[in-house]
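Student: Next come a sequence and a model predicted from it.
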Amino acid sequence: MEIIKKLKGRDGFRLNSCCRGEAGRMENTILRSRFDVQDIDETMRYEVWADSISCIFDVDTEKELRQSDAFVAAIEAFRFDDFMLANTTTVETDWWRTPFHVARDGLDHYMIQLFLRGGMRWQSPRGSGEVNTGDLIVFDMAEEMQSHTSDFNHISLILPRSRLAPLLKNPDGQHMRCLRKGTPIAELLSDYMILLDRNLPALNYNQLRPLLPSVLSMVAVCLNDADDPDQSMTLLRHWRMKHQIKNMIAKSLSDQKLSPNMICDELDVSRSNLYRLFEEEGGVKNFIRQQRLKRSLNILMRDSRAMVSQVADECGFSSPSDFCRVFRNQYGLSPRDARRNNISTRRNRQEDELDREYEGWLHGLAGN
């Protein structure tokens, strides 16, 4: 982090609508900020960018670009309530969002990206595809993915699942879904996002707040448009039942008796339906284990004093040794190493004076 320390006093993110230290209280205001590495020494730009964006993605860029004057990375971002909009520009990059990222940041949002310039090739456990200039791509931030982008400029609209999912006919089928340029719905949503990006600087919160339901409605209408009505209603019913089951699992993670039988008995669902609903997650037992691991990682990130045995017990593992084994298999490091790395990162970021507020905003979206 020596590179970061050299940057003290340089311009970074700046808040227009609230004072520093108030980032946790974001209701009734619009936060605006701009981050740009252009004024940083070219030998430092990539390291600063990679360290900053690591709050949600791991990135990699060609070595020739890393210390070149051609390296650019800029974000102009807005946050309002639990929504974000960002206009991002950078060079050719590889991106990863791993199970570790998903569990660590806890983001349960959809992100829609409109590529104004450049494109992307992507893959996830569910498939692969390509996005071109003018296309839109939907990310489910609770899912893993990896991609390769060319030099690009795109607009990202980040929306809370709790508010958008109930409006969608297929809430769990949106990850890496592409809306192609030239189709009426894609053009409509593209124009809407461009208008938001253009006009947010001139709006105040009282003007924007009444528009938020219409933002959700517009996005939902566009994402629902291509769905078959009969199939969509079936998917919606399945999602509602699955949502109920997930809520029960979340409330019962500390109970070692939590099992498919317990779920079936309490919610009056058949085992065959239960297994069908969680087929894409590798089965309901695997889903429960993944949720326990996510909660354990969140506790380790949040509480540096929590003992491994306490975390194992709170998350429903049969023993600390079982917890450590499963944790290492999932994340590639031990619970103690995960906590140690997080403490080190926090200390290093406290030592520099860069104003990278959007990282805090993203964590705030997840309620961290």
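Tutor: Noted; the coordinates are in hand.

Student: When you work out contacts or count neighbours from here on, use the C-alpha atoms and nothing else.
Tutor: OK.

Student: can you give me the helices for the stretch 1-150 of the chain?
Tutor: For the stretch 1-150 of the chain, the helices defined by DSSP state H, counting those that start in this stretch occupy 2-5, 45-53, 63-66, 99-105.

Student: L157 versus the closest residue to T98 other than its chain neighbours, what's the distance?
Tutor: Counting by Cα to Cα, 6 or more residues apart in numbering, T98 lies nearest to E144, which is 5.1 Å off, once chain neighbours are set aside. Distance of E144 to L157, computed by Cα to Cα, to the nearest Å: 18 Å.

Student: what about those two, which has more around it?
Tutor: Set E144 next to L157 and count neighbours by other Cα atoms under 10 Å: L157 wins out with 23 against 19.

Student: which other helices and strands contact the helix or strand where the more buried one lies?
Tutor: Per DSSP states H and E, L157 falls inside strand 152-160. For strand 152-160, the packing partners by 3 or more Cα pairs under 8 Å, 6 or more residues apart in numbering; DSSP states H and E come out as strand 83-90, strand 109-117, helix 184-199.

Student: Arrange these in JSON lines, one row each, with mean neighbour count as further columns.
Tutor: Shown next, in JSON lines, are the helices and strands packed on strand 152-160 (neighbours: other Cα atoms under 10 Å):
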{"stretch": "strand 83-90", "mean neighbour count": "20"}
{"stretch": "strand 109-117", "mean neighbour count": "23"}
{"stretch": "helix 184-199", "mean neighbour count": "16"}
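
Student: how many neighbours does R161 have?
Tutor: 19.

Student: what's the answer for the one 5 residues further on, then?
Tutor: Other residues within reach of P166, judged by other Cα under 10 Å, total 14.

Student: confidence score at it?
Tutor: With respect to pLDDT, P166 scores 92.

Student: Same list (the helices and strands packed on strand 152-160) but as JSON lines, adding distance to V311 and mean pLDDT.
Tutor: Converted to JSON lines, these look like this (distance: least, Cα to Cα, whole Å; pLDDT from 0 to 100):
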{"stretch": "strand 83-90", "distance to V311": "31", "mean pLDDT": "96"}
{"stretch": "strand 109-117", "distance to V311": "26", "mean pLDDT": "97"}
{"stretch": "helix 184-199", "distance to V311": "42", "mean pLDDT": "93"}
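
Student: Please verify my assumption that Q256 contacts S318.
Tutor: Yes: assessed by Cα atoms under 8 Å, Q256 is found in contact with S318 at 6.9 Å.

Student: who wins for proximity to R177 among the helices and strands packed on strand 152-160?
Tutor: Judged by Cα to Cα, the one of those that comes nearest to R177 is strand 109-117, at 9.4 Å.

Student: and P213, what helix or strand is that in?
Tutor: For P213, the element it lies in under DSSP H and E is helix 212-224.

Student: Can you report the mean pLDDT over the residues of that helix?
Tutor: Averaging pLDDT along helix 212-224 yields 92.

Student: Can you give me the distance of the residue nearest the centre of the chain to I245?
Tutor: Geometric centre of the chain, nearest residue: M141, 3.8 Å, by Cα atoms, centre = their mean. Using Cα to Cα, M141 is found at 20 Å from I245.
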